[in-house]
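**Q** Quick one, fold the following:
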Amino acid sequence: QVQLMESGGGLVQAGGSLRLSCAASGSIFSINRMGWYRQAPGAQRELVATITSGGNTNYADSVKGRFTVSGDNTKKMVFLQMNSLNPEDTAVYYCHAKLRRAILDPSSDYWGQGTPVTVSS
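**A** A predicted model of the protein is given here:
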């Protein structure tokens, strides 16, 4: 079984910063990519940022220049440093991993439970 455990969400004022962390655990052979998605009330889940095992990153246009995704392959962790937060960033943030549980398994998607981020104006 694979688990993704997020931490670091909370309430912050506009202009402030938060750092999210996510740790993958369980039976994992390899991780292709980890990252963050978010879902605001009444909206669809959307990409925030991802990082591959090789260190390639991808960001949503709305967070470029404000958010930084990083990873630790040995610890199977991904982080999201969020700066200059604004109320539009308010959402539940979900950790995502695309990984293989065994050498012959296909890559599959796994999700964390989500951590809420609220930015007050």
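
**Q** partner residues bridging residue 109?
**A** residue 98 (DSSP bridges).

**Q** Contacts only, for the residue nearest the centre of the chain.
**A** Nearest to the geometric centre of the chain sits residue 36, at 2.3 Å (C-alpha atoms, centre = their mean). Neighbour list for residue 36: 20, 22, 48-50, 69, 78, 80, 93-96 [criterion: C-beta atoms under 8 Å, 6 or more residues apart in numbering]. (Glycine included, C-beta is placed from N, CA and C.)

**Q** That one sits in which helix or strand?
**A** strand 30-39 (DSSP states H and E).

**Q** mean confidence score for that strand?
**A** Mean per-residue pLDDT for strand 30-39: 97.

**Q** So what's the gap between the helix or strand just after that strand and the chain middle?
**A** Elements were assigned by DSSP H and E; along the chain past strand 30-39, the next helix or strand is strand 46-52. Here the centre of strand 46-52 is set off from its chain's centre by 7 Å, with C-alpha atoms, centre = their mean, to the nearest Å.

**Q** going forward, begin numbering at 627 instead of 1
**A** Got it, the first residue is 627 from now on, which makes the last one we talked about strand 672-678.

**Q** Return the distance of the helix or strand just after strand 672-678 from the chain's centre.
**A** Next in sequence after strand 672-678, counting helices and strands by DSSP H and E, comes strand 683-685. Averaging C-alpha positions (C-alpha atoms, centre = their mean) puts strand 683-685 11 Å from its chain's average.
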